[in-house]
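*Asks:* here you go, sequence then predicted model.
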Amino acid sequence: MKTKNFIPSVNFHLWEPCNMRCKFCFATFQDVKQSILPKGHLPKEEALQVVRQLAAYGFEKITFAGGEPLLCPWLPELIKEAKLLGLTTMIVTNGSRLTEQFLIENKNYLNWIAVSVDSLEEDTNLKIGRAIVGKRTLSKDYYIDLIKRIKHYGYGLKINTVVNAYNYQEDFTNFITSSNPKRWKVLQVLPIIEQNDSKVDEFIISQNQLN
């Protein structure tokens with residue numbers, strides 16, 4: 001039963017593997033990978049059961065996150081199951097594997113796509129690890145084209161930006177204005193115990209720097 005304090009939205013971090021190497025990542029699964037999730041994810045049927053249980057509990061929105069959720073072969077099945085159970089659906093992705101085929105095939109079941117964009121500068125993305133296997137970055141033109149395609153197929157667009165020591169002075173004004181996302185989530189990089197606390201120090205910023 002819902003209470004007045006019920007949180008209507010839930011994030012399902014379903015997939016630990018990622019093709020990028022963001023050094024401040026807070027979802028490394030290190031606290032569970034050595035014990036209950038050695039592969040970094042549940043089997044497909046168990047993941048589907050999680051979706052069913054969340055819907056039955058009364059959640060109204062589910063966000064599929066990772067790692068990189070688009071590496072999960074059965075992500076479309078999870079999205080469809082959630083949608084058919086009445087949930088608003090979202091994915092959080094680095095955008096590198098967001099293909100035209102995926103956009104076409106999931107438009108009836110996926111409501112929102114959140115793209116993580118921490119910088120539009122190659123050097124900055126390399127420093128923070130926002131690059132495929134830590135070496136190949138996505139260009140500004142790639143992000144602009146990807147956003148156009150997301151909006152073309154009618155998805156709600158959200159952009160997530162983690163503010164850190166290497167990007168806090170970067171000007172996103174033109175990019176955000178032209179992209180016109182429905183939401184822009186600006187996050188401060190933080191140490192999370194047993195996730196990123198051993199390697200996040202160089203990225204930490206002050207409250208003044210965040211402001």
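*Replies:* Great, that's in hand. Only a predicted model underlies this, so the values are computations on that prediction, with no experimental measurement involved. Residues are numbered from 1 along each chain as shown.

*Asks:* so where's the protein shaky on pLDDT?
*Replies:* 1-4 (pLDDT under 70).

*Asks:* tell me where it has strands.
*Replies:* 9-15, 61-66, 88-93, 112-116, 156-163, 183-188 (DSSP state E).

*Asks:* mean neighbour count and distance to Q209 added to those strands, as CSV?
*Replies:* All C-beta atoms are positioned from the backbone trio N, CA, C, and that covers glycine. Below are these laid out as CSV (neighbours: other C-beta atoms under 10 Å; distance: least, C-beta to C-beta, whole Å):
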stretch, mean neighbour count, distance to Q209
strand 9-15, 18, 26
strand 61-66, 22, 26
strand 88-93, 22, 24
strand 112-116, 22, 20
strand 156-163, 20, 8
strand 183-188, 14, 9
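
*Asks:* now do the contacts for the nearest residue to I104 once chain neighbours are set aside.
*Replies:* With C-beta to C-beta, 6 or more residues apart in numbering as the criterion, I104 has its nearest non-adjacent residue at 6.9 Å, and that residue is Y153. Going by C-beta atoms under 8 Å, 6 or more residues apart in numbering, Y153 touches L103, I104, K107.

*Asks:* any idea which residue sits dead centre in this structure?
*Replies:* Using C-alpha atoms, centre = their mean, the residue of the chain that lies closest to the mean C-alpha position is V92, 2.6 Å off.

*Asks:* ok, back up a step: for the strands of the chain, give me a markdown table that also has distance to E170.
*Replies:* Formatted as a markdown table, the strands of the chain follow (distance: least, C-beta to C-beta, whole Å):
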| stretch | distance to E170 |
| --- | --- |
| strand 9-15 | 26 |
| strand 61-66 | 24 |
| strand 88-93 | 21 |
| strand 112-116 | 15 |
| strand 156-163 | 9 |
| strand 183-188 | 12 |
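
*Asks:* give the bridge partners for A65, please.
*Replies:* A65 has these beta-bridge partners by DSSP bridges: H13.

*Asks:* am I right that it is in contact with S9?
*Replies:* No. If you go by C-beta atoms under 8 Å, A65 and S9 don't touch, sitting 11.9 Å apart.

*Asks:* circling back to that earlier point, of all the strands of the chain, which lies closest to N196?
*Replies:* strand 156-163 (11.0 Å; C-beta to C-beta).

*Asks:* what's next to that closest one, contact-wise?
*Replies:* Strand 156-163 is contacted from outside by 22, 24, 90, 92, 111-118, 147, 150-151, 167, 172, 176, 179-189, 205, 209-210, using C-beta under 8 Å, 6+ apart.
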